[in-house]
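Participant: Return a 3D structure for these sequence lines:
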Amino acid sequence: MAKWKILNQKYLEKNDYIKLRKDSCVTLNGKIVDSYYIMEIQDVSCAVAMTKEGKILMIKEYKHGVQKEILQLPCGYVAMNEEPLVAAKRELAEETGYTSKKWALLGSFTGSPGRLTHYYHLFLAEECEKTEQQKLDVLEMMDVFEYTKEEAEEELKKQDTDLVTPLGFLMVKQMWKRKG
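Facilitator: Modelled structure (predicted):
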């Protein structure tokens, strides 16, 4: 499919976290859009992490964008020139202290393709073990929880979460159904 023609691009903000740009474009049907805003953000890797005992690891952390504590999967930004799987392994270890030798890609998805450029990469990490202490960034404070499958499902129904966490959980649930 053809793309919109970009007449002009202007960056309104560029920093280590985002690039906010204003595009002037011509759509496929010839309509001119003078102000179309795009936010360029790094990709994110997330782990649906399961312990050797079959418990699902989740974290609870304050997120300033929504100004609430959010229950979510261990996730983090993919660094420049870093492979999504490497980022998922790093984030799982940093945020929870758990590591795994058994990883599988569940899929990659864009969260809001009309305005954001990044993808979420979801991985399954099985047979996780606590091998180290958390290594949190200066802005991070999070608690780690181990839930049974049933507990995780209930917690996701009653706590604030993001879009990626229930998606990852549902994908793993479908995988369990296929395996019997």
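
Participant: all helices of this protein, in order?
Facilitator: 84-96, 149-158, 164-179 (DSSP state H).

Participant: list the buried ones in the longest one?
Facilitator: Spelled out, that is helix 164-179. Neighbour-count burial for helix 164-179 flags 164, 165, 166, 167, 168, 169, 172 (criterion: 16 or more other CB atoms under 10 Å). Quick note: C-beta positions are derived from backbone N, CA and C, even for glycine.

Participant: Please list all residues in contact with the residue lying closest to the third one once chain neighbours are set aside.
Facilitator: So the one you mean is residue 166. Of all residues not flanking residue 166 in the chain, residue 156 sits nearest, at 5.4 Å (CB to CB, 6 or more residues apart in numbering). Residue 156 sits next to 71, 165, 166, 169 when contact means CB atoms under 8 Å, 6 or more residues apart in numbering.

Participant: hang on, the second one packs against residue 58?
Facilitator: Yes - Residue 165 is in contact with residue 58 according to CB atoms under 8 Å; the separation is 7.3 Å.

Participant: Now for those two: what residues contact both?
Facilitator: 71, 72, 73.

Participant: Sort out which one of those residues lies nearest residue 142 for me.
Facilitator: Proximity of the shared contacts of residue 165 and residue 58 to residue 142 (CB to CB) peaks at residue 72, which lies at 9.1 Å.

Participant: If you rank the shared contacts of residue 165 and residue 58 by neighbours, which is first?
Facilitator: Ranked by the number of neighbours (other CB atoms under 10 Å), the shared contacts of residue 165 and residue 58 place residue 73 first, at 29 neighbours.

Participant: thought that one was touching residue 58?
Facilitator: Yes - assessed by CB under 8 Å, residue 73 is found in contact with residue 58 at 6.4 Å.

Participant: Between the two, which contacts overlap?
Facilitator: Counting by CB under 8 Å, 6+ apart, the residues touching both residue 73 and residue 58 are residue 165.
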